[in-house]
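Colleague: Show me how the following folds:
(chains A and B)
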Amino acid sequence: MSAVAEPSTGRRIRVVVAKPGLDGHDRGAKIIARALRDAGMEVIYTGLHQTPEQITETALQEDADAIGVSILSGAHMTLVPKIVELLGEQGIDDVLLTVGGTIPADDIAELKRLGVDGVFTPGTGVEQIVEYIRTGVGERRRGQV
Amino acid sequence: MPYYRAQVMEPNSTTPAEPAASDPAERTTESADREFTTMSGIPVRPRYGPEDLRGDAELKIGEPGSYPFTRGPYESMYRGRNWTMRQFAGFGTVEETNERFHYLLEHGQTGLSTAFDMPTLMGYDSDHARSLGEVGREGVAVDTLDDMEALFDGIPLGEVSTSMTINAPAAILLAFYVLVGERQGVPSQKLAGTIQTDILKEYIAQKEWCFPVEPAMRLVTDMVEYCTDEMPRWHPISISGYHIREAGATAAQELAFTLKDGFTYVERAIERGIEVDSFAPRLSFFFNAHIDFFEEIAKYRAARRIWARELKETYGAKKPESMRLRFHTQTAGVSLTAQQPLNNIVRTAIEALAGVMGGTQSLHTNSFDEALALPTEEAVRVALRTQQIISHETGVTNTADPLGGSWFVENLTDELEAEAYRYFERIDELGGMVEAIRRNYPQREIAESAFEFQRQLDDGEFTIVGVNRYQTEEEEVPLHRVDPALEQKQIERLARTRAARDSGEVEATLTELRRVAASDDCNLMYPILEAARARVTEGEMIAALQEVFGTYTETPVF
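Modeller: Sure, this is the predicted structure:
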């Protein structure tokens, strides 16, 4: 397995896979966590039922390059904006933020407007998500974003 | 109604090329040589014959309505009584859901099934900080007895059967229901229905918990005891494979983990000193109906045979009713696609048919738009009509177990049974299901299967029409939207109840609840009923119990 390293620091990509909200639908989060790990990234999975505060704290502690939020509770328009806001308050502005779940199209537009980088809906191939994070983090580290 | 675009995946370059249209040469060589399996990975041969029936086939298959019940729990099956058409419903506040209940009953539905929202499932009141944004989203919010009364307003509880999907706080919701019956003048002895209460599968798959495993099991056993004494028409546990399957398990894993959970409840009740034949007839099951048609049918048949054998031989049941497994079926939510959502009507019809051919006692058919949002009324109606078409038009209800004796189906039933017993052995080696859960064994097995299935999809080994093959550009379907204002409305309802109650009574009943929780020899149902009567909220009762029992945090495996 080849480690995915950023050229200048050599550090592996660190991703926090986060599960906010009260629902227990963790199938997708675990599949993505494992696929990212298999792709050579360092994955921190928060476990279930996390508050936006806990997620932001984890991202800060772990010095994450990317946060993948998995949400299927229908509360994405409450919880994701809160995460964006808390990241801003903590001065974390260089992290790649993605959201996956059952999210209607006009909510996607609104989430992107708020600052979410990528939104993935049911049926998205795992490789597509891995590539998105690899490319997105690479661009950020090279200062292209 | 607003229209939203369904998200459609962009054409993927790794998608397998379309095969040449029916080239007979291609059909006999390359494709015939590849390995064919069920969705669970059980090898399937090109043909089956009489040699595939294993020894003592006649005894193992038996007759419908007789031990070992492989062919169905009742002799006359759907001739005697059709399955109950029971659509799961719940969203927003109790008023919206009550309206949907009336709508479904008016359209010919024969039983009610309540979906509670996430805060209710986790034991948080609607005004709790953790509930923000979640109230009424994936089900209806019920905080107090007043909410429960409004939920069933105008519905005579003595005449319908009600299913409630709630687990960790099940005892509290059952208490609310019993008291609504009391207000309507219906004694608890006459209430009919089911409450899920299957806490083991929460730790395994659905992940809505309030307490550590042991105190949670004590609460379940208290409820079983209470229902055995007071509610002869009530099913206190619906032992559920549905969520285990949705989380990624194979059919064989669903079968094995669900039955093992069931045996664990039986063992706990027997240890409590409850006579097996007094409670086992009131246990029921809840299985998934996935898309692999024959494997699903075989799964239900294997489940009945295993349950019958174990209840009789291991747990000493004497009554046939204790050995007779009855189940509810829901079509597989996870098989629905956000892409080309109308295709989901076809998937659901096939899955529902598998449930019926497998001998289900009640059925929920998913709505075609559920990969996108909660269903619209139109989508719910199509789902209900699907059941009515199967029931009234197809003729499949005319005879019991129409696939019984099929060499293929009988062989597959045997295969699934054997696989289930291999899992039972592994779980026993770990020290039983509770210990296996502590060690993350079923959780890890399920995560493995989920990952493997995703790999098959990504590699194009398994085709899902419209997702990794036959993609088209986007379609539009109307989506149901839950009004965000409903959360505030529910919080106000709760505030009114809190303001109108006697705070002395609230404190006294909560103190008693904590006292009983801390003692080992009293049944928790009684203090819960008293607290419910005093308008203590669900969240307050759970918090009081957590002071004694503690909480639960999982160490996730992936």
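Colleague: Now residue 122: closest residue in space that isn't a chain neighbour?
Modeller: Picked chain A for this. Take A:Pro122 and drop its neighbours on the chain: the residue closest to it by C-beta to C-beta, 6 or more residues apart in numbering or on different chains is B:Ala338, 4.4 Å away. C-beta: built from backbone N, CA, C; applies to glycine.
Colleague: The intended chain is chain B.
Modeller: Nearest non-adjacent residue to B:Met122, counting by C-beta to C-beta, 6+ apart: A:Leu22, 5.0 Å away.
Colleague: pretty sure the one you found belongs to a helix, no?
Modeller: No: read with DSSP: H, G, I helix; E, B strand; the rest coil, A:Leu22 is coil and lies in no helix.
Colleague: That one and A:Leu72 touch, don't they?
Modeller: No: taking contacts as C-beta atoms under 8 Å, A:Leu22 lies outside contact range of A:Leu72: 10.9 Å.
Colleague: can you tell me how far A:Arg12 sits from chain B?
Modeller: The gap separating A:Arg12 from chain B is 18 Å, by C-beta to the nearest C-beta, to the nearest Å.
Colleague: residues touching the residue nearest to B:Met122, list them.
Modeller: Under the criterion of C-beta atoms under 8 Å, 6 or more residues apart in numbering or on different chains, the neighbours of A:Leu22 are A:49, A:73, A:75, B:118-119, B:121-122, B:124, B:130-131, B:134, B:208.
Colleague: For it, grab phi and psi.
Modeller: Here the main-chain torsion angles of A:Leu22 (degrees, to the nearest 10) amount to phi -100, psi -10.
Colleague: likewise B:Thr331?
Modeller: Per-residue torsions, B:Thr331: phi -70, psi 160 (degrees, to the nearest 10).
Colleague: And B:Arg47, by the same measure?
Modeller: Comment: the main-chain dihedrals of B:Arg47 come out as phi -150, psi 160, following degrees, to the nearest 10.
Colleague: Which residues belonging to stretch B:511-524 are considered buried?
Modeller: Judged by neighbour count using 16 or more other C-beta atoms under 10 Å in any protein chain shown, the buried positions of stretch B:511-524 are B:512-514, B:516-517, B:523-524.
Colleague: Point out the residues in chain A that sit beside chain B.
Modeller: Within chain A, the positions adjacent to chain B are A:21-24, A:26-27, A:29-31, A:33-35, A:45, A:47-49, A:51, A:73-75, A:77-79, A:102, A:104-106, A:108, A:121-128 by C-beta under 8 Å from any C-beta of the partner chain.
Colleague: returning to what we had before: and the gap between the residue nearest to B:Met122 and B:Thr120?
Modeller: A:Leu22 sits at a distance of 10 Å from B:Thr120 (criterion: C-beta to C-beta, to the nearest Å).
Colleague: Taking the stretch 1-150 of chain B, what residue is nearest to chain A?
Modeller: Taking C-beta to the nearest C-beta as the measure, the stretch 1-150 of chain B has B:Gly133 as its residue closest to chain A, at 2.6 Å.
Colleague: Over to the stretch 251-400 of chain B?
Modeller: Here the residue of the stretch 251-400 of chain B nearest chain A is B:Ala338; by C-beta to the nearest C-beta that distance is 4.4 Å.
Colleague: and that residue, that's in a strand?
Modeller: No: using three-state DSSP, the assignment for B:Ala338 is coil, not a strand.
Colleague: what about it, how many residues close to it?
Modeller: B:Ala338 is flanked by 25 other residues according to other C-beta atoms under 10 Å in any protein chain shown.
Colleague: what does the one 4 residues further on give?
Modeller: Here the neighbour count serves as a burial measure; for B:Leu342 (other C-beta under 10 Å) it reads 14.
Colleague: What about the nearest residue to it once chain neighbours are set aside, how many residues nearby?
Modeller: The shortest distance from B:Leu342 to any non-neighbouring residue, by C-beta to C-beta, 6+ apart, is to B:Phe368 (6.0 Å). B:Phe368 sits with 27 neighbouring residues when counted by other C-beta under 10 Å.
Colleague: what residues are up against B:Phe368?
Modeller: Applying C-beta under 8 Å, 6+ apart, the residues near B:Phe368 are B:336, B:341-345, B:348, B:375, B:379, B:382-383, B:477.
Colleague: The closest residue to A:Arg14 other than its chain neighbours and B:Ile244, how far apart?
Modeller: With C-beta to C-beta, 6+ apart as the criterion, A:Arg14 has its nearest non-adjacent residue at 4.6 Å, and that residue is A:Glu42. A:Glu42 sits 30 Å away from B:Ile244, taking C-beta to C-beta as the criterion.
Colleague: Who has more neighbours out of those two?
Modeller: More crowded of A:Glu42 and B:Ile244, by other C-beta under 10 Å: B:Ile244, with 28 against 17.
Colleague: So which residues of chain A form strands?
Modeller: Taking DSSP state E as the criterion, chain A contains strands spanning A:14-18, A:42-45, A:66-71, A:96-101, A:118-120.
Colleague: Let me have those strands in TSV, extended by distance to B:Arg309 and mean pLDDT.
Modeller: What follows is the strands of chain A, written out as TSV (distance: least, C-beta to C-beta, whole Å; pLDDT from 0 to 100):
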stretch	distance to B:Arg309	mean pLDDT
strand A:14-18	42	97
strand A:42-45	40	97
strand A:66-71	41	97
strand A:96-101	42	96
strand A:118-120	45	96
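Colleague: And chain A, is stretch B:545-558 touching that?
Modeller: Yes: remark: stretch B:545-558 sits within contact range of chain A at B:553-556, B:558, by C-beta under 8 Å from any C-beta.
Colleague: ditto for stretch B:457-466
Modeller: Yes: for stretch B:457-466 and chain A, the contact criterion (C-beta under 8 Å from any C-beta) is met by B:457-458, B:464.
Colleague: hang on, B:Tyr67 packs against B:Lys312?
Modeller: Yes: with contact defined as C-beta under 8 Å, B:Tyr67 and B:Lys312 form a contacting pair (7.1 Å).
Colleague: my read: B:Tyr78 touches B:Asp401, true?
Modeller: No: the pair B:Tyr78 / B:Asp401 is not scored as a contact, 10.6 Å apart, by C-beta under 8 Å.
Colleague: Compare the two (neighbour count), which wins?
Modeller: It is B:Asp401, of B:Tyr78 and B:Asp401, that has more neighbours when counted by other C-beta under 10 Å, with 22 against 19.
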